[in-house]
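Q: kindly generate the corresponding structure for this input.
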Amino acid sequence: MLGHLSILIVDDNHGMRDVLAAILKAEGHVSICASNGEEAIEVLRSHPVDLILTDILMPEMDGLEFIKEARAMLRSVPIVAFSGGGYLASRSFCLKTAKAIGANAVMPKPFDRQQLLTAIDDAVSLNYSASDDDKHLPAAG
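A: Residues are numbered from 1 along each chain as shown. All right, here's what the predicted structure looks like:
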């Protein structure tokens, strides 16, 4: 795992947020949680983050819309999206769409601890090998 990261967790399932936060804390990372895309956008306006973990199917603002908005605010912050699919969209469709609109990595649910940590490592490694001219906070305006 690369350093200690500040990671935004976006998921409407409280239990999932708690499990992800516990895994990240055990790895030495700090997590900030939001229950949907709207809350997550508010977090991004005031907190610098090194990585975003987001579910795709959520109420209020779903993960796909959130990824589009987050990507517009923060070009270089890695985004890892995950989904188990739902009655409106298959898991495969959700993950392919997330990747197409800006997620650096995608994971099908369920996933295990090692798959999560590998996806984070991969997304952060790819990000650090790219240009680092974007300082993980949104531009004023």
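Q: rest of the way, CA atoms for contacts and neighbours
A: OK.
Q: quick one: distance of the host helix or strand of Lys96 to the chain centre.
A: Taking DSSP states H and E as the definition, Lys96 sits inside helix 91-101. Helix 91-101 has its C-alpha centroid displaced from the chain centroid by 13 Å (C-alpha atoms, centre = their mean, to the nearest Å).
Q: quick one: contacts of it?
A: The contact list for helix 91-101 (C-alpha atoms under 8 Å, 6 or more residues apart in numbering) reads 56, 63-64, 67-68, 81-85, 105-108.
Q: any idea which helix or strand comes after it?
A: strand 105-108.
Q: elements contacting that next one?
A: Applying 3 or more C-alpha pairs under 8 Å, 6 or more residues apart in numbering; DSSP states H and E, one finds that strand 105-108 contacts strand 79-83, helix 91-101, helix 113-129.
Q: JSON lines for these, including mean pLDDT, distance to Ile52 and mean neighbour count?
A: Formatted as JSON lines, these follow (pLDDT from 0 to 100; distance: least, C-alpha to C-alpha, whole Å; neighbours: other C-alpha atoms under 10 Å):
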{"stretch": "strand 79-83", "mean pLDDT": "94", "distance to Ile52": "5", "mean neighbour count": "26"}
{"stretch": "helix 91-101", "mean pLDDT": "90", "distance to Ile52": "13", "mean neighbour count": "17"}
{"stretch": "helix 113-129", "mean pLDDT": "84", "distance to Ile52": "9", "mean neighbour count": "16"}
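Q: reformat these as JSON lines; add distance to Leu24.
A: What follows is the helices and strands packed on strand 105-108, written out as JSON lines (distance: least, C-alpha to C-alpha, whole Å):
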{"stretch": "strand 79-83", "distance to Leu24": "14"}
{"stretch": "helix 91-101", "distance to Leu24": "22"}
{"stretch": "helix 113-129", "distance to Leu24": "9"}
